[in-house]
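got a sequence here, can you build the structure:
(chains A and B)
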Amino acid sequence: MRAISARAKRIASFPPSRHGRPTPIASHGPTCPSSSSLLDEFAEHCHQRDLSRAMKAMHAMQRQGIWADAITYSELVKCCVARGAVEEGKSVHKHVFSCGYQPKTYLLNVLLNMYVRFNLLEDAEGLFDEMPDRNVVSWTTLISAYVSKGMNNRALEFLILMLRGGVQPNMYTYSSVLRACADLGMLRQLHSGIIKVGMESDVFVRSALIDNYSKQGELQDALDVFNEMVTKDLGVWNSIIGAFAQNSNGDKALEMYKCMKRAGFAPDQATLTSVLRASTALALLEVGRQVHVHVLKFDRDLILNNALLDMYCKCGGLEGANSVFSRMAERDVISWSTMIAGLAQNGCSLEAMRLFEQMKHSGTEPNYITIVGVLFACSHAGLVEDGLHYFRSMKRSFGIDPGREHYGCMVDLLGRAGKLDEAVKLINEMECEPDAVTWRTLLSACRVHRNSDLAIYAAKQVVKLDPDDAGTYILLSNIYANNQRWEEVTEVRRSMRVRGIAKEPGCSWIEVNKKIHAFILGDDSHPHIDGINRHLNQTVQRLMSIGYVPDTNFVLQDLEDEQREASLQYHSEKLAIAYGIMSLPREKTIMIRKNLRICGDCHTFTKLLAKMEQRIIVIRDPVRYHHFTDGACSCGDFW
DNA sequence: CTAGGGTTAG
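Numbering: from 1, shown residues only, chains lettered A, B, ... in the order given. Model prediction:
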């Protein structure tokens, strides 16, 4: 067993206890008139949760050497916990230990819990070591404290000690300790142990299992646990919906949400947060708006409002985002960071910078992610000097060490400004290893500034770090082809074949009447495809009459050969946009989401189309947002 | 007296 802590020794040195005489006074009648009234008064204050009067009465009792019963002290301790009264709580602890009998395990557990709640783990441990009897609650309290502090090994070690001590864990213990499973093997082991002792039917244990399988990316296991349940509660539904939402399976999350409602459960804050996250991932602004209506019931919930804010930002609904942000009763660092990044992503970098200034005056400290957003805004607005300033001073001003993402923004910033050499220099100076994203950022800059040699170098780095990314191989092979380096073209194509890499076809989605319409290159299964093609042809004709020239030069673009010519007009985003213009009212923004990055021709096409039709078109590719308004794009032609 | 489910970048 563990060593006795200094704290425990101090506690043990309090006046000697007279064992075997529980509740010496309260239940044995008054010893004298004054003590009786004092005791009654104390009990009444505890019952009324009048902390300061209770403490006064307690000290008076201590001077007279009289003590109350365990239940009354427990009430007082709970009152201290509720008020966050640390010193008072400690003083009750001392009082109890100076009392003339051995405190009951129940009361000690209450004190133990108090220390855990006050985040005083050492005091809790000291008390735990001193306890003459530890029951399942004592063990669980400590184990749960270790888990929530991330001390997983200690938690598991204590589970073993508990079992060795002959104390049977209950479902409280298991639902806590499940969170401490570092790997899948351990999780499965614990899971089978839980089944053996027949505790898998508890809803808390179930949802802990679901959540932990999901955190390990084992969605099928999570779903199995869920499906095996006969009686489900809201928490379990929230676990499974959250599981899908967090593993970027928005469709399945929304599907489960529908099932949940059909099963008669009303969504709560946690449900709605996950549903919003799912809508965000799928860029379903309309679904998000519907959820917003439910959110109004919980309009003081910070996490939920943050999710709502993010949904509006990511789905291109900046007005919605602004209105949510301005109405929020309370804002934390996540609210500010979300809004700053959201403004920047939607092409409002100057507003983002202004908001950051406001944030600094608001008293909320920026964090790592906030600065990513700020640098992102600088790079999007071409604010080279500001970006460099924030980057160089972030450590000094905010105590944040620049990480990969910050370097990435700076590479983007320098690359966008054409300072490719400086961008490379920065990558070489990175304290952390550059990753595929870093090199891909440089690659984008090379593409825009037409630097083939550096592009080849960057693409090779990307391939090294992310060997399954088809787009990079194709980009590389196209660069070689453009430089007549046919042997290398063959070599790249060969290594793609060897690795079994095929480029996925371009696909774009648009939401019309709450339904998702998907357009895949070369797939004409959409029921209105003929009308759409006709409309698209007419549009191209009209655009050409005002100066649009289809751009077939795909050098430095990661497009397949066969996608270049005949299908140029039928790139999936063009079809989706045409469909959007045909079927959405003029005032509606046309929101497209696509799986591949937009090509230069579609980009030009969309800019001109937005102007000609006087429409706002938003295309969200896997990396960034393009807001097309009146002949220009928020990305500033850099992506 | 002890337990589960939610938010920001890449």
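
can you tell me the closest non-neighbouring residue to A:Ala182?
Spatially, and ignoring its direct neighbours in sequence, A:Ala182 is nearest to A:Asn152 (5.7 Å; CB to CB, 6 or more residues apart in numbering). C-beta here means a position set from N, CA and C on the backbone, and glycine is covered the same way.

can you report how many residues lie near that neighbour?
Residues within reach of A:Asn152, counting by other CB atoms under 10 Å, total 16.

secondary structure element for the residue nearest to A:His292 when sequence neighbours are not counted?
Of all residues beyond its chain neighbours, the one nearest A:His292 is A:Leu308 (6.1 Å), with distances taken as CB to CB, 6+ apart. Using DSSP states H and E, A:Leu308 sits within helix A:302-314.

for the helix or strand just after that helix, C-alpha coordinates in CSV please.
Remark: after helix A:302-314, the chain's next helix or strand is helix A:318-327, criterion DSSP H and E. What follows is helix A:318-327, C-alpha atoms only, in CSV (Å, rounded to 0.1, in the frame of the first residue of the first chain):
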residue,chain,number,x,y,z
LEU,A,318,-21.8,35.0,-42.0
GLU,A,319,-24.8,37.1,-41.2
GLY,A,320,-26.1,34.3,-39.0
ALA,A,321,-22.7,34.0,-37.4
ASN,A,322,-22.4,37.7,-36.7
SER,A,323,-25.9,37.7,-35.2
VAL,A,324,-25.2,34.7,-32.9
PHE,A,325,-21.9,36.1,-31.8
SER,A,326,-23.3,39.5,-31.0
ARG,A,327,-26.2,38.0,-29.0
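
the helix or strand just after helix A:318-327 near DNA strand B at all?
Downstream of helix A:318-327, the first helix or strand assigned by DSSP H and E is helix A:333-345. Yes: using CB under 7 Å from any atom of the strand, helix A:333-345 reaches DNA strand B at A:333-335, A:337-338, A:341.

need the residues that contact helix A:333-345.
The contact list for helix A:333-345 (CB atoms under 8 Å, 6 or more residues apart in numbering) reads A:302, A:305-306, A:309-310, A:312-314, A:318, A:321, A:325, A:328, A:349, A:351-352, A:355-356, A:359, A:362, A:364-367, A:369-370, A:372-374, A:376-377, A:380, A:624-625.

ok, and which of those reach DNA strand B?
Applying CB under 7 Å from any atom of the strand to the contacts of helix A:333-345, one finds that A:302, A:306, A:310, A:314, A:367, A:369-370, A:372-373, A:376 fall near DNA strand B.

can you pick the most crowded of the residues of helix A:333-345 next to DNA strand B?
Result: A:Thr338 is most packed of the residues of helix A:333-345 next to DNA strand B (other CB under 10 Å), 28 neighbours.

for the stretch 401-550 of chain A, what lies in contact range of DNA strand B?
A:403, A:405, A:408, A:437.

closest point of chain A to DNA strand B, which residue?
Per CB to the nearest atom of the strand, A:Gly235 is where chain A lies closest to DNA strand B, at 2.0 Å.

that residue contacts A:Ala208, doesn't it?
No: A:Gly235 is beyond contact range of A:Ala208, at 9.7 Å (criterion: CB atoms under 8 Å).

okay, those two: which has more neighbours?
Between A:Gly235 and A:Ala208, counted using other CB under 10 Å, A:Ala208 has the larger neighbour count: 24 against 17.

nearest residue to A:Val324 in space, ignoring adjacent ones along the chain?
Nearest residue to A:Val324, sequence neighbours excluded (CB to CB, 6+ apart): A:Leu309, at 5.0 Å.

please disregard the earlier target; I meant A:Val448.
A:Phe638 is the one closest to A:Val448 (CB to CB, 6+ apart), at 5.4 Å.

where does the one you found land on pLDDT?
Note for A:Phe638: predicted pLDDT of 71.

would you say it is within a strand?
No: applying DSSP: H, G, I helix; E, B strand; the rest coil, one finds A:Phe638 to be coil, outside a strand.

give me the distance between it and A:Gly415.
Counting by CB to CB, to the nearest Å, the gap from A:Phe638 to A:Gly415 is 8 Å.

again with A:Ala321
From A:Ala321 to A:Gly415 the distance is 28 Å (CB to CB).

higher neighbour count, those two?
A:Gly415 (28 against 23).

state the helix or strand in which that one lies.
helix A:404-416.

and the contacts of that helix?
By CB under 8 Å, 6+ apart, helix A:404-416 touches A:368, A:371-372, A:375-376, A:378-379, A:382-384, A:387-388, A:391, A:394, A:420, A:422-423, A:426-427, A:430, A:432, A:434-435, A:437-438, A:441-442, A:444-446, A:448-449, A:636, A:638.

quick one: low-confidence ranges for the stretch 301-450 of chain A?
By pLDDT under 70, the stretch 301-450 of chain A has no low-scoring segment.

ok so, going back, what angle separates the helix holding A:Gly415 from helix A:333-345?
20 degrees (axes from the mean of the first three to the mean of the last three CA atoms, to 10 degrees).

so what touches the very next helix or strand once past helix A:404-416?
Next in sequence after helix A:404-416, counting helices and strands by DSSP H and E, comes helix A:420-429. For helix A:420-429, contacts defined as CB under 8 Å, 6+ apart pick out A:407, A:410-411, A:414-415, A:434, A:438-439, A:442, A:445-446, A:449, A:451, A:454.

likewise for stretch A:518-535?
Identification of contacts with stretch A:518-535 by CB under 8 Å, 6+ apart yields A:505-510, A:517, A:563, A:567, A:570-573, A:575-576, A:578-579, A:581-582.

now, of those, which are buried?
Using 16 or more other CB atoms under 10 Å as the burial test, the contacts of stretch A:518-535 include A:506-510, A:517, A:563, A:567, A:570-573, A:575-576, A:578-579, A:581 as buried.

in strands, which of these appear?
A:507-510, A:517 (DSSP state E).

distance check, the spatially most central residue of chain A against A:Gln461.
Centroid check for chain A by CA atoms, centre = their mean gives A:Gln246 as the closest residue, at 7.5 Å. Taking CB to CB as the measure, A:Gln246 falls 30 Å from A:Gln461.

same question for A:Ala54.
In terms of CB to CB, A:Ala54 sits 67 Å off from A:Gln461.

which one's more surrounded, the two?
Applying other CB under 10 Å to A:Ala54 and A:Gln461 shows that A:Ala54 carries more neighbours, namely 25 against 20.
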